[in-house]
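A.B. asks: Sequence first, predicted model second:
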Amino acid sequence: MTRADRRDLPTIEPDTQPYWDAIRDGGVLLIAHCTDCDRVHHYPRPFCPFCWSCAVEPRPASGRASLYTFSTVYVNDLPPFADRVPYVAALVELEEGPRLMTTIVDCAPEDLHIGMALTVRAEPLDETLSAPVFVPA
C-alpha cells in the first residue's frame, strides 16, 4: 500500500508541523494557547477561535482526558481501516478543556464508559508520522 492509498494520514502544514513532531518524537500532545485571551484550543490553527488573535503558540497538554462519546466501527473498507476493524472512534475531552477526535486502543469496546479516565499515547502511522490515541488511565 502506498502513502497515496492511505486515508488515515493527515496533510501536514507549517502551522501544524510542531504538533505532529511532538507526538512522534516524545509522545507529547500539544494544544494551542492564545497569549492574548489565555485560552486553549484544539485543532491547531494560526488564530484563536475565541478572540481571533494571531498570538497562538503550542503548549504541552497534560495527556489526561475523559471519554466524551464513542462508536465501535465494525465495517470500513478504506485502506488501512479494513485491517483494523473493529476499532473505537472517539471524542475525548482533554483535562485542559478542548475535545479531540481520536481512537481508543488497548481496551475492549464493552469495557468503555462515558467519563472514563484516559491518557494519551503516540501510535505510529508510518515510518515518519505518529498520531495521538488514548488508552485507559
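C.D. replies: Everything's here; your move.
A.B. asks: Tell me where this protein has strands.
C.D. replies: 30-34, 40-41, 56-60, 64-73, 87-94, 99-104, 117-124, 130-136 (DSSP state E).
A.B. asks: backbone phi and psi for the residue nearest to Phe47 when sequence neighbours are not counted, please?
C.D. replies: Closest residue to Phe47 apart from its sequence neighbours, by CB to CB, 6 or more residues apart in numbering: Cys54 at 5.3 Å. Where you see a C-beta, it was placed from the backbone N, CA and C, and this is true even at glycine. Main-chain torsions, Cys54, degrees, to the nearest 10: phi -100, psi 10.
A.B. asks: rewinding a little: and the strands of the chain as JSON lines, adding mean neighbour count?
C.D. replies: As requested, these are exported to JSON lines (neighbours: other CB atoms under 10 Å):
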{"stretch": "strand 30-34", "mean neighbour count": "21"}
{"stretch": "strand 40-41", "mean neighbour count": "18"}
{"stretch": "strand 56-60", "mean neighbour count": "15"}
{"stretch": "strand 64-73", "mean neighbour count": "16"}
{"stretch": "strand 87-94", "mean neighbour count": "19"}
{"stretch": "strand 99-104", "mean neighbour count": "18"}
{"stretch": "strand 117-124", "mean neighbour count": "17"}
{"stretch": "strand 130-136", "mean neighbour count": "19"}
